[in-house]
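**Student:** quick one: sequence plus predicted model below, questions after.
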Amino acid sequence: MLIKTFGATVQGVDATLITIEVNSSRGCMFYLVGLPDSAVKESHQRILSALDVSGFKLPTTQIVVNMAPADLRKEGSAYDLPLAMGMLASTKGIGAELLDKYLIMGELSLDGTIQPIKGALPIAIKARELGFEGFILPEQNAREAAVVNNLKVYGVSHITDVIHYFQGQTELEPTVVNTREEFYKQQSFFDFDFSEVKGQDSVKRAIEVAAAGGHNLIMVGPPGSGKSMMAKRLPSILPPLSLGESLETTKIYSVAGKLDKNASLISTRPFRAPHHSTSTVAMAGGGSFPQPGDISLAHHGVLFLDELPEFSRNVLEVLRQPLEDRKITISRVRCTVEYPASFMLVASMNPCPCGYYNHPTKPCVCSPGQVQKYLNKVSGPLLDRIDIQIEIIPVSFEQIADNRPAESSVEIQKRVLEARKIQEARYQDEESIFCNAQMNSRLLARYAQPSDEGLALLKTAMNKLNLSARAYDRILKVARTIADLDKKPSIEPSHLAEAINYRNLDRESWAK
């Protein structure tokens, strides 16, 4: 008897339907074809044990299973449940009338318990797109999939729940999530706030400018000056995630299997801070079975690289293309996948190997050559993609002991949101341009041209401070953001002066 059940596989952040064809006939052999990997091939033993422990036995027949499309590699153990239902239906252990209405996924334990899977959200989206009535999956993934409307999502904990449902003995209760209510309720919750930061007004201003224009930022300063502390608070002043952005980010975390148990949508911008010993694959994504890396997990959020020169040169260079294209393409012999990677890069570093170059009280023991060699660990092309470079000095004792609360993240965020609204209106007719940091040369010429007085100031600064030529466009982009924060239609000399001040590492004399 030929039976069809339906599952799905995830490629990149999108799902592809897998049709599982099961045919039982006279004999005693079991064949599984359709390019399955080892984990899929091992499903036979897990299914037999789960059914046996649960009180069900397959009759002795020959079973042939084909997983179509046959030229697409099937990976992982999430096909256990649809395979089990197909085998039972082909031997008339359950009725086959309802099977074509549901997409089924789940890994089986030997006792029949159903284990969670990866990629439940993109699979649910594909199930709705293909017109399935419902999606049966592990209960740990039910809330994740239930954010997809117009699809009945059934979370199950044991194989007997599914068998009894298809036998007509019990009913399954669909999981219902009020997506908008939960999303907006959790959107303003942050563990860190800028009101806890003492002093560092100039650095907080630079971070505000970076958040307002979506600019990449690097902070240079000695140990203990507050670089990491302020970076962790950046998400609290960024514009809140929209539902569309949240869905994109949640899909990536779903594919990577990094969503919390019983989680639904990610409601706050992600903050990823990989250790400097991370590998190129962990940063960019990939592997034998491609998975998203940290740059994709930071999609619509912040990627924070602490102690930037300590990262491997290869790891840093892999950031260059995603910073420009806002996506990363992973090519393998068997497949090519693409992950989104639109993130704000925030980096921090010591000014020298000992950490105390330009420190107000502690002497630096490094030679000028050592300082320059340390800075050269970060390549020019990568620095070229960082708009704001700010130097930090430690706060004084008087500032640390000051008990007066500093400006809160909510107050800073209000100004950031006002500036972003100006940019949304400015770029509403531009495809894939949402903030000043994404401006190309054509848009710079249209929206970021300074006055004659401003051009004279910029020329003087570039000659006097020995700024590199690559700093020119970056200064104009940042100046445009500063003007937006001041609600000015054109760039004024004061805006250019502040933007010039954010190019510390471009000064040829900085490390000499």
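**Tutor:** Here it is on my side, so go on.
**Student:** V318 against S279, yeah?
**Tutor:** No - the pair V318 / S279 is not scored as a contact, 10.2 Å apart, by C-beta atoms under 8 Å. Where C-beta positions appear, they are placed from N, C-alpha and C, glycine not excepted.
**Student:** how about Q389, secondary structure?
**Tutor:** Classification of Q389 by DSSP: H, G, I helix; E, B strand; the rest coil places it in strand.
**Student:** check what pLDDT it gets.
**Tutor:** pLDDT recorded at Q389 is 91.
**Student:** equivalent analysis for the one 3 residues further on, please.
**Tutor:** As summarised for this prediction, I392 has a pLDDT of 89.
**Student:** which residues touch stretch 373-381?
**Tutor:** 308-309, 313, 316-317, 320, 349-353, 366, 470, 505, 511 (C-beta atoms under 8 Å, 6 or more residues apart in numbering).
**Student:** just the buried positions in that stretch, please.
**Tutor:** Within stretch 373-381, the residues scored as buried using 16 or more other C-beta atoms under 10 Å are Y374, L375, V378.
**Student:** what helix or strand does the first one sit in?
**Tutor:** Taking DSSP states H and E as the definition, one finds Y374 inside helix 368-375.
**Student:** what about the residue lying closest to R420 once chain neighbours are set aside, how many neighbours?
**Tutor:** Leaving aside its chain neighbours, R420 sits nearest to P239 (5.3 Å; criterion: C-beta to C-beta, 6 or more residues apart in numbering). When neighbours are defined as other C-beta atoms under 10 Å, P239 has 20 of them.
**Student:** now do the spatially most central residue of the chain against F271, distance only.
**Tutor:** Computing the C-alpha centroid of the chain and ranking residues by C-alpha atoms, centre = their mean puts L297 first, at 2.3 Å. Going from L297 to F271 by C-beta to C-beta, to the nearest Å gives 10 Å.
**Student:** likewise D111?
**Tutor:** 39 Å.
**Student:** more neighbours, those two?
**Tutor:** Set side by side, D111 and F271 show more neighbours around F271, with 24 against 12, by other C-beta under 10 Å.
**Student:** check contacts around that one.
**Tutor:** K232, L234, P235, A298, G301, V302, F304.
**Student:** and which of those is nearest I266?
**Tutor:** G301 (9.0 Å; C-beta to C-beta).
**Student:** wait, the closest one sits on S267?
**Tutor:** No - if you go by C-beta under 8 Å, G301 and S267 don't touch, sitting 11.8 Å apart.
**Student:** quick check: D161 is in a strand.
**Tutor:** No - D161 is assigned helix when assessed by three-state DSSP, not a strand.
**Student:** pull the longest strand from the chain.
**Tutor:** Ordering each strand of the chain by length in residues (DSSP state E) puts strand 14-25 first.
**Student:** ranges for the helices of the stretch 101-250 of the chain?
**Tutor:** Per DSSP state H, counting those that start in this stretch, the stretch 101-250 of the chain carries helices over the ranges 120-129, 142-145, 159-166, 179-185, 201-213, 227-232, 243-256.
**Student:** check contacts around the residue nearest to R420.
**Tutor:** Q413, V416, L417, R420.
**Student:** swap the cut-off to 10 Å and go again
**Tutor:** Contacts here follow C-beta atoms under 10 Å, 6 or more residues apart in numbering; on that basis P239 touches 211-212, 214, 245, 269, 300, 413, 416-417, 419-421, 424, 434-435.
**Student:** of those, closest to S38?
**Tutor:** H300 (35.4 Å).
**Student:** which phi and psi does that closest one have?
**Tutor:** phi 60, psi 20 (degrees, to the nearest 10).
**Student:** please name the nearest non-neighbouring residue to T16.
**Tutor:** Excluding the flanking residues, the one nearest T16 by C-beta to C-beta, 6+ apart is T9, at 5.4 Å.
**Student:** now do the SS call for the one you found.
**Tutor:** Of the three states, T9 takes strand under three-state DSSP.
**Student:** ok, so what distance separates it from M67?
**Tutor:** 9 Å.
**Student:** name the residues contacting each of the two.
**Tutor:** Listed as contacting both T9 and M67 by C-beta under 10 Å, 6+ apart are I18, R73, K74, Y79.
**Student:** can you tell me what sits against the helix or strand bottoming out on mean pLDDT in the chain?
**Tutor:** Least confident helix or strand of the chain, by mean pLDDT, DSSP states H and E, is helix 397-401 with a mean of 74. The contact list for helix 397-401 (C-beta under 10 Å, 6+ apart) reads K198, G199, Q200, D201, P394, A406.
**Student:** wait, S188 sits on P235?
**Tutor:** No - between S188 and P235 there is no contact under C-beta atoms under 10 Å: 11.3 Å.
**Student:** neighbour count: these two, which is higher?
**Tutor:** More crowded of S188 and P235, by other C-beta under 10 Å: P235, with 22 against 13.
**Student:** nearest spatial neighbour of that one, skipping sequence neighbours?
**Tutor:** R269 (4.6 Å).
**Student:** verify the stated contact: the one you found with S188.
**Tutor:** No - contact criterion C-beta under 10 Å: R269 and S188 do not qualify, at 11.8 Å.
**Student:** give me the common contacts of those two.
**Tutor:** With C-beta under 10 Å, 6+ apart as the test, R269 and S188 both reach S236, P240.
**Student:** show me what contacts A263?
**Tutor:** Per C-beta under 10 Å, 6+ apart, neighbours of A263: Q140, N141, R143, E144, V147, E182, T250, Y253, S254.
**Student:** could you redo the last one with a cut-off of 8 Å?
**Tutor:** R143, E144.
**Student:** that one: which element?
**Tutor:** With DSSP H and E as criterion, A263 is part of no helix or strand.
**Student:** going forward, the N-terminal residue is numbered 58.
**Tutor:** Okay, using 58 as the starting number, the last item reads as A320.
**Student:** and the contacts of stretch 430-438, which two are furthest apart?
**Tutor:** Maximum pairwise distance in the contacts of stretch 430-438, criterion C-beta to C-beta, is 28.0 Å, between R377 and C423.
**Student:** mind listing the strands for the stretch 258-407 of the chain?
**Tutor:** 274-277, 328-329, 342-343, 348-349, 359-362, 384-388, 393-397, 401-406 (DSSP state E, counting those that start in this stretch).
**Student:** these: which one's closest to P231?
**Tutor:** Nearest of the strands of the stretch 258-407 of the chain (C-beta to C-beta): strand 348-349, 29.2 Å.
**Student:** what's the longest helix in this protein?
**Tutor:** helix 466-483 (DSSP state H).
**Student:** tell me the mean pLDDT over that one?
**Tutor:** Here the average pLDDT along helix 466-483 is 95.
**Student:** A203 contacts V233, correct?
**Tutor:** Yes - using C-beta under 8 Å, A203 is in contact with V233, at 6.4 Å.
**Student:** between those two, which has more neighbouring residues?
**Tutor:** A direct count of neighbours by other C-beta under 10 Å for A203 and V233 places A203 higher, at 25 against 11.
**Student:** if we can go back for a sec, please identify the buried residues of the least confident helix or strand of the chain?
**Tutor:** For helix 454-458, it's none, nothing buried (16+ other C-beta under 10 Å).
**Student:** any regions of the stretch 458-569 of the chain where pLDDT drops low?
**Tutor:** 526-527, 563-569 (pLDDT under 70).
**Student:** returning to what we had before: the helix or strand that the longest helix of the chain is followed by packs against which elements?
**Tutor:** Next helix or strand after helix 466-483 toward the C-terminus (DSSP H and E): helix 498-504. Judged by 3 or more C-beta pairs under 8 Å, 6 or more residues apart in numbering; DSSP states H and E, helix 498-504 is in contact with helix 528-542.
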